[in-house]
Every structure is written in structure tokens, then in C-alpha cells.
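Asks: quick one: sequence plus predicted model below, questions after.
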Amino acid sequence: MPAVVVLGAQWGDEGKGKATDLLGSRVDYVVKFNGGNNAGHTVVIGEEKYALHLLPSGILTPGVVPVIGNGVVIDLGVLFAEIDGLESRGVDTSQLLVSANAHVIPSYNRTLDKVIERFLGSRRIGTTGRGIGPTYSDKMNRVGIRVQDLFDEKILRQKVEGALTQKNHLLVKAYNRRAITVDEVVDELLVHAERLRPMVADTALVLGDALARDDVVLLEGGQATLLDVDHGTYPFVTSSSATAGGACTGAGIPPTSLTRVIAIAKAYITRVGEGPFPTELFDEDGERLRTLGHEFGTTTGRPRRCGWYDIPIARYAARINGVTDFVLTKLDVLSAWDRIPVCVGYDVDGERTDELPMTQTGFHHAVPVYEYLPGWREDITGARSVADLPANARAYVEFLEERSGAPISAIGVGPSREATIVVRDLLD
Ligand code: GDP
Ligand code: IMO
Ligand code: MG
């Protein structure tokens, strides 16, 4: 039972953290394979609530080895603040491994992320401002700084110098900011080197050995399918590969080791930042979803845009990722409606389609076609089996399952670990 992926089926914040935590006690390694501290996962265990950004959610389970894979971009200050925050609450982080090949986010990339957004004006992406995009650009542009560079000051200095020749041009000439010196960047990074050193490993080798021993490796995606740089609603996406293919690249394990791809989907949809969103609601229903679902960003606190469940998006996620199981979350939030619309297709400039439009323009023009399902108007937060759900809630789940392209193997009915209906074992 080797590698299992947990990823987002929509635009993020589906409840991936809770799902990973739920499986935590049965896995040996939990690997974050993409993104950085743009992610925000809230995990509720008993009375305790944890907000995780850079660390994989598996860190909350004793005995699991948490791994930050090569595909991640790391803000070192944030990493250590998060570790200290967890340690002060009694969470053991001593097993954490960090890939020597992961890239670090120097402060100039946070500055650039913010000024680029400001200069884009109405064309902005609505990024989290954490330096994610500029750091992945540097990686592709081959001027990035990697974790391993921190342990060879001469090399680090050369690399920072190389990067700054480009960055200072941009900062000074394009964006009217002050130039940055090599010394200040080197100092800012080296401050963390000694604390980081014992965590650094050839994580692809560690995971390869783990898989050879038949240990269970869980790959935890940040962001989601429609925020993926290749398969999402480009350019309104993040800058990493959040899909199943990215899990292999970002962890350094082969596609043939994946045995299960678990996609997390909310029973409705939310999105943070700019970009097309066909089922978005601008009325009372949207406001109600936001309030009842507590739809405010874990990372930036921004109100999330809310809309109804979108079947073409779920089917797309199933196809792109080879999804074997869906986990449907936040079904409890829908208990407040008499009638629940579900998007079954789109009208794009007068033509009906059941697939995501091929072009960005098509996506912007897509008008949802709805079917309406009866609500249940009953508190379902105590349900622990499908039989505990009211008939209309079961019918809603069945309707989604028949059309979304993969079975729904678990259903979330509340934020806590226990508030989950397991239909089918996710690791068996
Ligand atoms: P992630 O980024 O995918 O890990 O998701 P977030 O943590 O950003 O957002 C999901 C939010 O929904 C968190 O506050 C969770 O505690 C909460 N949550 C997860 N599953 C459920 C559920 O089934 N019902 C309710 N009401 N809340 C849930
Ligand atoms: P989790 O893992 C929701 C969005 C941002 C913005 C776009 C690009 O918690 O689901 P970036 O800072 O990544 O360059 O911003 O992507 N975004 C997320 N939205 N959940 C996330 O993570 C997100 N990470 C990035 O709002 O629209
Ligand atoms: Mg989140």
C-alpha cells in the first residue's frame, strides 16, 4: 500500500488538512510536495485548533515523519516560527525532514510579489503576497536559491549575486524600489542555516527507501487542481503543480508508486483571489455560505468567494488527477437550505457544454446550468454513517457521486476529526 495522494479538487480550502490529519495515524510519512506558506490548513483536534501553512498536516500525529519535499518553496522565518508555535503547544516536530533541493524564498521575492500585484492593478491575481510566484519563476529561470546552498557560503554568495543582478534591475528600474545588497540577503538566509542543518536530507532517497519497505507515504497537496499552473484557470493560479503529476515531481517518487489519489471537494465551492468562477454567488446565499461555512482565509483572512457545487469541475479534477476517491466536505453547511442548486453544465455563448471550456475567454463566459435538489433542513453534524443522514442529504451525495467521476468515500459533517462519515476505507 505505498503512496497515496491527497489533493484539492476545486480552488483550495476544501479541507485537505483535516483529511490528511484523519489518515495520519495510519501512515508512516506525510510529504508536502508543492507550494509554500500560501497554503493554510485548519485542523481541529478535540478542543485544539491548529493553523498550518508550511508544515504538512501529518505533523500533528505522533510517530509520522513529516517531510517538506523538493517541490516546496520555503520561507525559513515562517518555517521556524511555525515549528516554535507547535512545540510551545506540545507538538513534537523533531522528526521533520527538509529536502536539500527545495527552494527558499528570499525577502526580495516577497517584496516583488507585492509590488508586481500593485503594478498589475486591475489585472492582478490576488496572490497571498508570500513571494511564491517570484520564487518559482527563479527556479524555472535557474537563478533560485536552494536549501543546500545555505551550507556553502561561497556558493550562496555567488548565487545571490547572480539573482540580484536581475532583481535589482527590476526593483529599481521597473518598480522604483531600493536596490538590495548581497550581504543583506546572505545574512538573512545564513541566520537559519545551523538550525536547519539537522533537518536537511535527500528526501527522495528517504522516500524511495520507505516505499521499498512498503511503508505508507501520504503526499499532501497544497492549493488545488484549478490553481495548478498547467491545469488551472491560468493566469489566475498559483505557480506550482498541485495535481497528482506534481505530487510525483515534487516528492521525487515515481508515478508507478501511486496507488490511490484522494481528491477533497467541498459540497459547494469557494475561491480566494481573482479569476473566473461560474457558480459564484453575489447574493444572500453567497453571504450565508460564507457565514455558515466560516469562509475566511486561514492565511490572509480574506473573505472567500462562495458558490454552488460544480460537477464539470469535479469531473475535470477526477480526469486530470486519476482520482480514485472523493472526500466530500462541509455537507453540514448546506443544512440551511430548502433547495440546493448544483451546476451540471454550462452555457457558453449560447452553446451547452458539460466540460470545462477550452479557453480562458470561454471560462469567463460560462454561465452555469443548474439542477435543483431538495434540502434536508436538519442538523447532520452528529451523523457517523450514511444511514444517519436524512434521505435528502443522501440523495444529494448520490447525485454528486454519480456525476463527479469517482466514488465519494468519506463525507465531512463538521470541522472536528470525528465529524466524518467513512463510507469506504481510504487506505485499504
Ligand atoms: P485546506 O486548505 O484544504 O486544508 O482547507 P482549510 O483548512 O483552509 O479550510 C477548510 C475549513 O473547513 C477549515 O476551517 C476546517 O476546519 C473546516 N472543515 C473541514 N471539513 C469540514 C466539514 O466537513 N464541515 C465543516 N463545517 N467544516 C469543515
Ligand atoms: P490551500 O492549500 C486558496 C490563491 C491565491 C491567489 C492565487 C495565487 O489552503 O488550499 P499565490 O500566493 O499562490 O501566488 O496566489 O492562488 N491561493 C490559494 N487559494 N487556498 C490556497 O491554499 C491557496 N494558495 C494560493 O489566493 O488567487
Ligand atoms: Mg486552506
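Replies: It's in. Ligands and ions are numbered 1, 2, ... in the order given.
Asks: how about the residues of the stretch 251-400 of the chain that lie near ligand 2?
Replies: Proximity of the stretch 251-400 of the chain to ligand 2 (C-beta under 6 Å from any ligand atom) is limited to residues 272-273. Yep, even glycine has a C-beta here, placed from its N, CA and C like the rest.
Asks: name the element the residue of the chain positioned farthest from its centre belongs to?
Replies: Residue farthest from the centre of the chain, counting by C-alpha atoms, centre = their mean, is K154 at 35.1 Å. If you go by DSSP states H and E, K154 is part of helix 153-168.
Asks: now that helix, how far from the chain's geometric center?
Replies: Distance, stretch centre to chain centre, for helix 153-168: 30 Å (C-alpha atoms, centre = their mean, to the nearest Å).
Asks: ditto for stretch 43-58
Replies: Relative to the chain's own centre, stretch 43-58 is displaced by 14 Å; criterion: C-alpha atoms, centre = their mean.
Asks: which parts of that stretch are buried?
Replies: Neighbour counts over stretch 43-58 (16 or more other C-beta atoms under 10 Å) mark 43-44, 50, 52-58 as buried.
Asks: quick one: end-to-end length of that stretch, please.
Replies: 10 Å (C-alpha to C-alpha, to the nearest Å).
Asks: likewise stretch 280-296?
Replies: 15 Å.
Asks: got a list of what the residue of the chain found nearest ligand 1 touches?
Replies: Proximity of the chain to ligand 1 (C-beta to the nearest ligand atom) peaks at G412, 2.2 Å away. Contact analysis of G412 by C-beta atoms under 8 Å, 6 or more residues apart in numbering lists 15, 18, 327-332, 419-420.
Asks: partner residues bridging it?
Replies: T420 (DSSP bridges).
Asks: so which residues on the protein come close to ligand 1?
Replies: 8, 12-18, 40-42, 44, 294, 298, 329-330, 332-333, 412-415.
Asks: if I look at the residue of the chain closest to ligand 1, how far off is ligand 3?
Replies: Remark: distance between G412 and ligand 3 (C-beta to the ion, to the nearest Å) = 14 Å.
Asks: the contacts of G412: which two are farthest apart?
Replies: Taking C-beta to C-beta, the two most distant members of these are V327 and D332; they sit 14.0 Å apart.
Asks: more neighbours, these two?
Replies: The neighbour comparison of V327 against D332 (other C-beta atoms under 10 Å) goes to V327, with 27 against 22.
Asks: what pLDDT does that one get?
Replies: For V327, the pLDDT comes out at 98.
Asks: how about the contacts made by it?
Replies: Contact analysis of V327 by C-beta under 8 Å, 6+ apart lists 15, 19, 262-265, 408-412, 426.
Asks: could you redo the last one with a cut-off of 6 Å?
Replies: By C-beta atoms under 6 Å, 6 or more residues apart in numbering, V327 lies in contact with 19, 264, 410.
Asks: the second one in helix, strand or coil?
Replies: Read that as I264. Here I264 takes the strand state, with states given by DSSP: H, G, I helix; E, B strand; the rest coil.
Asks: any idea how far R157 is from it?
Replies: 43 Å (C-beta to C-beta, to the nearest Å).
Asks: ok, the contacts of V327 vs ligand 3, which is closest?
Replies: Lowest distance from ligand 3 to these (C-beta to the ion) belongs to I264, with 10.4 Å.
Asks: if that closest one is in a bridge, with which residues?
Replies: Under the criterion DSSP bridges, I264 forms beta bridges with G8, V327.
Asks: which pLDDT value belongs to it?
Replies: At I264, pLDDT is 98.
Asks: so who does it touch?
Replies: The contact partners of I264, taken as C-beta under 6 Å, 6+ apart, are 8, 14-16, 19, 327.
Asks: reformat the residues you listed as CSV; add distance to D209.
Replies: Listed next are the contacts of I264 as CSV, based on distance: C-beta to C-beta, whole Å:
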residue, distance to D209
G8, 29
E14, 31
G15, 31
K16, 26
A19, 26
V327, 29
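Asks: ok, and the closest non-adjacent residue to the residue of the chain found nearest ligand 2?
Replies: Nearest to ligand 2 in the chain, going by C-beta to the nearest ligand atom, is G273, at a distance of 2.0 Å. Once flanking residues are discounted, G273 sits nearest to G126: 3.0 Å by C-beta to C-beta, 6 or more residues apart in numbering.
Asks: next one: E274
Replies: Of all residues not flanking E274 in the chain, G126 sits nearest, at 4.2 Å (C-beta to C-beta, 6+ apart).
Asks: my read is that G8 contacts E14, right?
Replies: Yes. Using C-beta atoms under 6 Å, G8 is in contact with E14, at 4.9 Å.
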